[in-house]
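**Q** structure for this input, please:
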Amino acid sequence: METTLQVLSEAERAQVHERTLGVLERVGMRCDTAEGRRVLADAGAQVDEATCIVRFPAELVERSLAQATRRYSLGGRRPGWSFALNEGRHTLLADGGATNVFDCATRKRRPATHDDWLAATRILDALDDVGLYWCPTDYSPNYEQPAGFVRYFTEVFTTFSKHVQDSFGTPELAPWLKEILDIVFGGREAVRELRPLSFLITPTSPLTIEERYTDSWLALRDYGLPVAIMSMPLQGATAPGSRLATILTANCETIGTLCLVEAAAPGTPVIYAPVIATMDPRSGLYAAGAIEHGVICAAGTEMARYYGLPAESSGFCTQTYEPDLQTAWEKANGGLLVTLSNPDILVGPGLLAGATTLCLEQIILDVEESRLARQARTGVPVRDDLWLDDVLKATGPCGSFLGERSTRVNARSGEWHLSDLGVHGSRDAWQAAGSPTTLDYARRKVQEILAAQSSLPLDDGVVAALAALQKRADSATA
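**A** Residues are numbered from 1 along each chain as shown. A predicted model of the protein is given here:
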């Protein structure tokens, strides 16, 4: 039997859906993209061009939900690698956009550099627990110019070999990305089949479909990229001041955006991906490590399951500015709660300070916490070969099971989580090793990965084609 978590009952999930239908039909959403409004009007939505408000009839919502592709796999450049969604297991997605780095060697925070970006991307590629990539730090100031844009995606696909989830807010760059995908993956139909990239759309809370990123996806929609819809309402700030109302807000924003996606490209694979958060009422700031954050994100995963959609959620959040005990309890609580809600994708390893600061060692620590949470979710497996009543009978009272074959076999087959991080031996052994801290273990692991990791090479023809594209992009920028 697996360990499970329930925040909302089935009846309560149905209530969220019914109230969502009411809000979308009577209040609607502001849609800032003209192309999006046109698409929705053609699909049967009521569009007020003067206010940009779109109201969604219940029939349109239900039809859109029925059109979304639910069971599919995310691919990548690594041969044989894929991740199937809606199959009862999860992978990690690197969180994105940190502007700073906490350097554990100096105990200082500093602006992120390209070397930090590269080190983080290499570590994430080396860790099998991390299946999806989102740019962990700011990349460069000219990212949304052709030269910087092509350089970024070339470096991403060169360095990270699994699935990439990213976005951009300059629709004019869409043809450049299509050319990169064609070169690296072999053309539009190959991309549609492999799905190596998913696009992140982030509706603005409250109840707004923003323009630039949505228009960028609209310019890419013929490539069949999965769409992750990441609403980010903040309880008491950009959403009403209750957990339930914040869940409702996130659901309205996610489902309203899904209607646009399915109207523009019926059958598009959709990932239900809101990051449902809360503020600290004492300051009005995002309360990244609040226990309520984990609870309502778990509820968001339950709403994804209500709709039968793949679920992407957020759990490894913290308000702290460097790794410490508060970091540990905030990330452990949130990570465990959301893992037990059964997401497909869990966002967040490696970031501190409300997702604004990257720490390489924290990537290692968060991955280990994810492994612990995954083990907790396995609960107590029940199979005939695990009762071991015959072993109990043979050993009898006052016996020991250390030498039993079943103990050795099960120690290697999942009955225990055997971590290679942290303190697990005697005090004498720990002192003999110099009394290392958990952070010391994580730093050593970072160094080992960076010393051993080697990115999957691109074919010479692909490298030459990307170089030629970069030359064109440089000229276009100039």
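**Q** what ranges do the helices span in the stretch 301-450 of the chain?
**A** Taking DSSP state H, counting those that start in this stretch, the helices of the stretch 301-450 of the chain run over residues 325-339, 360-377, 389-395, 405-411, 427-432, 438-452.
**Q** dump the residue contacts of Cys31.
**A** By CB atoms under 8 Å, 6 or more residues apart in numbering, Cys31 lies in contact with 37, 40, 47, 52-54, 208-209, 260. (C-beta placed from N, C-alpha, C; glycine too.)
**Q** no, scratch that, I was asking about Glu312
**A** For Glu312, the contact set (CB under 8 Å, 6+ apart) comprises 93, 228, 230, 271-273, 304, 343-347.
**Q** count of neighbours near Ser216?
**A** 22 (other CB atoms under 10 Å).
**Q** now do the contacts for it.
**A** Neighbouring residues of Ser216 by CB under 8 Å, 6+ apart: 167-171, 173-174, 199.
**Q** out of those, which are buried?
**A** 167-168, 170-171, 173-174, 199 (16 or more other CB atoms under 10 Å).
**Q** quick check: the farthest pair among those?
**A** Thr170 and Phe199 (13.4 Å; CB to CB).
**Q** ok, longest helix in this protein?
**A** Determined from DSSP state H, the single longest helix within the chain is helix 243-264.
**Q** got the buried residues for that helix?
**A** Neighbour-count burial for helix 243-264 [16+ other CB under 10 Å]: 243-244, 246-264.
**Q** hmm, back to that, of the helices of the stretch 301-450 of the chain, which approaches Leu124 most closely?
**A** Leu124 sits nearest to helix 360-377 of all these, at 7.0 Å, using CB to CB.
**Q** what's the mean pLDDT across the closest one?
**A** Across helix 360-377, pLDDT averages out at 96.
**Q** same question for stretch 228-246.
**A** Mean predicted lDDT for stretch 228-246 stands at 98.
**Q** I'd like the distance from that stretch to the chain centre, please.
**A** Distance of stretch 228-246 from its chain centroid, counting by CA atoms, centre = their mean, to the nearest Å, is 18 Å.
**Q** please name the nearest non-neighbouring residue to Glu292.
**A** The shortest distance from Glu292 to any non-neighbouring residue, by CB to CB, 6 or more residues apart in numbering, is to Thr278 (4.7 Å).
**Q** and that neighbour, what's its pLDDT?
**A** Reported pLDDT for Thr278: 96.
**Q** likewise Leu218?
**A** Looking at Leu218, its pLDDT stands at 98.
**Q** what's the angle from the helix or strand harbouring it to helix 243-264?
**A** Assessed by DSSP states H and E, Leu218 sits inside helix 212-220. With axes from the mean of the first three to the mean of the last three CA atoms, to 10 degrees applied, the angle from helix 212-220 to helix 243-264 works out at 30 degrees.
**Q** all strands for the stretch 51-200 of the chain, in order.
**A** Using DSSP state E, counting those that start in this stretch, the strands found in the stretch 51-200 of the chain span residues 53-55, 73-75, 82-84, 91-93, 100-103, 108-111, 130-133, 163-166, 197-201.
**Q** what comes into contact with the fifth one?
**A** Read that as strand 100-103. So strand 100-103 is contacted by 108-113, 116, 137, 321-323, 352-353, 356-360, 362 (CB under 8 Å, 6+ apart).
**Q** pretty sure Ala288 contacts Gly354?
**A** Yes. Counting by CB atoms under 8 Å, Ala288 does reach Gly354; the two are 4.0 Å apart.
**Q** what do the two both touch?
**A** With CB under 8 Å, 6+ apart as the test, Ala288 and Gly354 both reach 317-319.
**Q** of these, which is the nearest to Val462?
**A** Once CB to CB is applied, the member of the shared contacts of Ala288 and Gly354 that ends up nearest Val462 is Cys317, at 37.2 Å.
**Q** and that closest one, how far is that from Ala429?
**A** 34 Å (CB to CB, to the nearest Å).
**Q** those two: which is more packed in?
**A** Cys317 (28 against 10).
**Q** skipping its backbone neighbours, what lies nearest the more buried one in space?
**A** Using CB to CB, 6+ apart and skipping residues adjacent in sequence, the residue nearest Cys317 is Ala288, 4.3 Å away.
**Q** Three-state assignment for that neighbour, please.
**A** Counting by DSSP: H, G, I helix; E, B strand; the rest coil, the backbone at Ala288 sits in coil.
**Q** burial count for it?
**A** As a burial measure, Ala288 scores 25 neighbours (other CB under 10 Å).
**Q** gap between it and Glu302?
**A** Distance, Ala288 to Glu302, by CB to CB: 21 Å.
**Q** ok, Pro196 touching Val164?
**A** Yes. Proximity of Pro196 to Val164 meets the contact threshold set by CB under 8 Å, at 6.6 Å.
**Q** identify the contacts common to those two.
**A** By CB under 8 Å, 6+ apart, Pro196 and Val164 have these common neighbours: 76, 157.
**Q** can you pull the contacts of Ala353?
**A** Ala353 sits next to 100, 288, 318-321 when contact means CB under 8 Å, 6+ apart.
**Q** please name the nearest non-neighbouring residue to Asp129.
**A** Nearest non-adjacent residue to Asp129, counting by CB to CB, 6+ apart: Val367, 4.9 Å away.
**Q** also Asp182?
**A** Asp182 sits nearest to Arg188 (CB to CB, 6+ apart), 6.9 Å away.
**Q** before we move on, what about Gly169?
**A** Distances taken as CB to CB, 6+ apart place Arg212 nearest to Gly169, at 3.6 Å, with adjacent residues excluded.
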